[in-house]
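>>> got a predicted structure here, sequence first:
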Amino acid sequence: MFENILKHIDLLEENRNLILDMWMDYDIIQSKLTQNTINITFFRDKFATKVFDFTISVVKGEQKIGDCPVIGVMLMLFKKKNIPLSDIFIICVHFKNAFLHFTYKNSILNNNLLKELSILMDYNFEGVINEYVLLYYKDSLIRKKPIAKVTLVKEEEYPEKIQKITSAEIYFQEVNIDMDLVAELDELESDTLDAINAEETLGQNTLNESANLFKQYAKVLNTMYEFEELAYTLTLLGDVLTEVDFESMIEETKFMVDIYLKAIISDLGSWRMSIFISMEAEDIHYLDKTLLSSIAQIQMTLMPQVESTENEIEFF
């Protein structure tokens, strides 16, 4: 499918960090992220790297184009910050530009490679833009918009991502789930809530217990393709809770994080019960957006502050 890119896949993977640095080093990227109060290093480490890895996996045929689990997580955070769609476009375009810049500098860019890179990136961009619009306007018609025909990619091979409604009862019949792992989550939830309730205000122990719970949830969900996006979100939240400087956290932030942690754990518990225990949920994704929204709120609250000046960010 992407034969010309595959010829240089080793070179691209070996220079992963350099290409990411190119992306982050564009002045306009630093400007857009900074003016939207997105820490550049945080964005690079938590999102940009995952987007790069997904792109490579699409080229290798390991993932379907436009189906990146990290995108939904990233866009939910962007929505919380009310980032304009035009800024999302700029961020996406310069990821493509970084690839083109790298291939040109290494004298491997030709018409065939340019064509494949453009299709690879543009199809992913289309999915990003559509998903962001859906977050705001809930316009189901956009999902029905046909993909433009191109000579390289067959339309039927990459329909736009439509999340079909599947009941818990049907889902349980279709997949092999390790219920022992699911049962362990119940005990972890209880222990974590006990740790939270034992402290008058948010403490370091609460953060550690919560991070462990979310990472265990992610471990279980990662075994199920349908919940990759939620799994990544929980992994990212666990990382944020682990890395946050608790000593410098102000009381108002502790109060808000404490509230959101309790809400997320409660929602996860209800979701787990209705999906895997009672199996009464009519849609296994019924709570996805609520969970993503709450998690994005904590990430936004705990995200490192933006760098003081753009000029201080030098990658190469």
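Okay, I see it.
>>> pLDDT weak spots in the stretch 101-250 of the chain?
136-164 (pLDDT under 70).
>>> hmm, 90 instead?
Low-confidence segments of the stretch 101-250 of the chain, defined by pLDDT under 90: 118-166, 168-169, 171-209, 216, 219-233, 235-237, 239-240, 242-250.
>>> the helices in it, which residues?
Counting by DSSP state H, counting those that start in this stretch, one finds helices in the stretch 101-250 of the chain at the ranges 111-137, 168-174, 179-197, 204-221, 228-243.
>>> of all those helices, which one is nearest K289?
helix 111-137 (8.3 Å; Cβ to Cβ). Where you see a C-beta, it was placed from the backbone N, CA and C, and this is true even at glycine.
>>> helices or strands up against that closest one?
helix 3-6, helix 49-59, helix 69-80, helix 85-105 (3 or more Cβ pairs under 8 Å, 6 or more residues apart in numbering; DSSP states H and E).
>>> and those, which is most packed in?
helix 69-80 (a mean of 22; mean count of other Cβ atoms under 10 Å).
>>> would you map out the domains in this structure?
3-162, 168-302 (automatic domain parsing).
>>> what's the end-to-end length of the shortest one?
Across domain 168-302, the straight-line distance between its terminal residues is 33 Å, by Cα to Cα, to the nearest Å.
>>> in this structure K81 contacts I38, no?
Yes: between K81 and I38 there is a contact under Cβ atoms under 8 Å: 7.1 Å.
>>> pick out whichever of these two has more residues nearby.
I38 (22 against 13; other Cβ atoms under 10 Å).
>>> mind checking what secondary structure that one has?
coil (DSSP: H, G, I helix; E, B strand; the rest coil).
>>> how far away is the most centrally placed residue in the chain from T235?
With the centre of the chain defined as its mean C-alpha position, the nearest residue by Cα atoms, centre = their mean is V70, 2.2 Å away. Using Cβ to Cβ, to the nearest Å, we find V70 at a distance of 10 Å from T235.
>>> then C92?
With Cβ to Cβ as the criterion, C92 and T235 are 23 Å apart.
>>> show me the contacts for C68.
50-51, 54, 124, 127 (Cβ atoms under 8 Å, 6 or more residues apart in numbering).
>>> of the residues you listed, which pair is most distant in space?
Maximum distance among the contacts of C68 (Cβ to Cβ): 14.8 Å, for K50 and G127.
>>> show me the contacts for P69.
54, 228-229, 231-232.
>>> mind redoing it with 10 Å?
By Cβ atoms under 10 Å, 6 or more residues apart in numbering, the contact set of P69 is 50, 54, 63, 222, 225, 227-233.
>>> mark which of the residues you listed are buried, thanks.
Neighbour-count burial (16 or more other Cβ atoms under 10 Å) applied to those gives 50, 54, 63, 222, 227-233.
>>> just name the closest of the residues you listed to E282, please.
Distances from E282 to the buried ones among the contacts of P69, taken by Cβ to Cβ, are shortest for F227, at 16.8 Å.
>>> gap between that closest one and L213?
16 Å.
>>> same question, D27
Distance from D27 to L213, by Cβ to Cβ: 41 Å.
>>> neighbour count for the two, which is higher?
When D27 is set against L213 and neighbours are counted by other Cβ under 10 Å, the residue ahead is L213, at 25 against 11.
>>> tell me the contacts of the more buried one?
L213 neighbours (Cβ under 10 Å, 6+ apart): 185, 188-189, 191-193, 195, 234, 237-238, 241, 261, 264-265, 268.
>>> then E280?
167-169, 273-274.
>>> kindly report the same for T192.
Counted by Cβ under 10 Å, 6+ apart, T192 has contacts 205-206, 208-214, 216, 261-262, 265.
>>> change it to 8 Å
206, 209-210, 212-213, 265.
>>> with F54 instead?
F54 neighbours (Cβ under 8 Å, 6+ apart): 63, 68-70.
>>> returning to what we had before: reformat the contacts of P69 as a markdown table; add distance to H8.
Compiled in a markdown table, the contacts of P69 are given as follows (distance: Cβ to Cβ, whole Å):
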| residue | distance to H8 |
| --- | --- |
| K50 | 21 |
| F54 | 18 |
| Q63 | 19 |
| N222 | 30 |
| Y225 | 29 |
| F227 | 33 |
| E228 | 27 |
| E229 | 29 |
| L230 | 34 |
| A231 | 31 |
| Y232 | 27 |
| T233 | 32 |
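>>> of the residues you listed, closest to E200?
Closest to E200, out of all of the contacts of P69 and judged by Cβ to Cβ, is T233, at 28.8 Å.
>>> residue contacts, the spatially closest residue to the closest one that is not a sequence neighbour?
Computed as Cβ to Cβ, 6 or more residues apart in numbering, the closest residue to T233 that is not its neighbour in sequence is V73, at 4.6 Å. V73 makes contact with 47, 229, 232-233, 236, 292, 295-296 under the criterion Cβ under 8 Å, 6+ apart.
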